[in-house]
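K.L.:
I would like the atomic coordinates for the input below:
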Amino acid sequence: MRYITIALAKGRLAKQTMGILEKIGISCPEMEDKESRKLIFTNEELGYKFFLAKANDVPTYVEYGAADIGIVGKDTIVEENRKLYEVLDLDLGKCRMCVAGPASARTLLDSGAMMRIATKYPKIAKDYFNNIRHQTVEIIKLNGSIELAPIVGLAEVIVDIVETGSTLRENGLVVLEEIMPLSARMVVNRVSMKMEQERIGKLIEDMRGVLGQNEA
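P.N.:
Numbering: from 1, shown residues only. I've put the predicted structure just below:
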């Protein structure tokens, strides 16, 4: 039996995903060893391998077949734009991708004027403004503290993930538009889906059962 390899985005999402898998009888006690320096964890009995990766890298591992399955946020899937199948919404880490800025920026948005957008997600921002709003913008890529950009005058608005909106409020910013809802998704390598259709299909079905979802 060949292994099914699952790439998990590091952090809370990996723990929550393992919690779901344990409910369907797939566990990996090796992963619970905090002292371990191992990179790949195995359940020999069931034929599963797991590894933790940076969220941005998960779709790459899956597209190239280094992982059969990946668990990662919808924001990363859209931004990375890899060739893979998105098969399941895990309903974890729910939040929104939004356009945000000072309330005064709403006038600029409504007028369709040229604007500067600061974001960690240049592809999502470009697609939204070019293809949905049909507005010409300059995208400025930042890696952290995106809320700072409108405050210091680097950009008029930002495109970022909003969970509760408290960070925005604390910095005098508001949500101006919602781009898309986000949550954790399961993605599958295209070849793996054909080669291991039975095992991966059963895994998806079992997880749907635990999540209380009916097949779409």
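K.L.:
contacting residues for the most centrally placed residue in the chain?
P.N.:
Geometric centre of the chain, nearest residue: Gly73, 1.6 Å, by Cα atoms, centre = their mean. When the contact criterion is Cβ atoms under 8 Å, 6 or more residues apart in numbering, the partners of Gly73 are 9, 13, 55, 93, 182-185. Every residue, glycine included, has its C-beta placed from N, CA and C.
K.L.:
residues touching stretch 199-216, excluding its own?
P.N.:
By Cβ under 8 Å, 6+ apart, the surrounding residues in contact with stretch 199-216 are 4, 20-21, 23-24, 26, 68-69, 87-91, 186, 188, 192-193.
K.L.:
returning to that earlier point: can you check the contacts of Gly73 and name whichever has the most neighbours?
P.N.:
Using other Cβ atoms under 10 Å as the neighbour criterion, Ala184 leads these with 25 neighbours.
K.L.:
that one pairs with what?
P.N.:
Assessed by DSSP bridges, Ala184 has beta-bridge partners Gly73.
K.L.:
dump the residue contacts of it.
P.N.:
With Cβ under 8 Å, 6+ apart, Ala184 has these contacts: 9, 13, 16-17, 71-74, 89-93.
K.L.:
from those, which land in strands?
P.N.:
9, 71-73, 89 (DSSP state E).
K.L.:
now, among these, which is nearest to Leu176?
P.N.:
Gly73 (21.9 Å; Cβ to Cβ).
K.L.:
report the buried residues of the lengthiest helix in the chain.
P.N.:
Using DSSP state H, we find that the single longest helix of the chain is helix 197-211. By neighbour count with 16 or more other Cβ atoms under 10 Å, helix 197-211 contains the buried residues 199-200, 203-204, 206-208.
K.L.:
re earlier: per-residue pLDDT of the residue nearest to the centre of the chain, please?
P.N.:
Turning to Gly73, the model gives it a pLDDT of 97.
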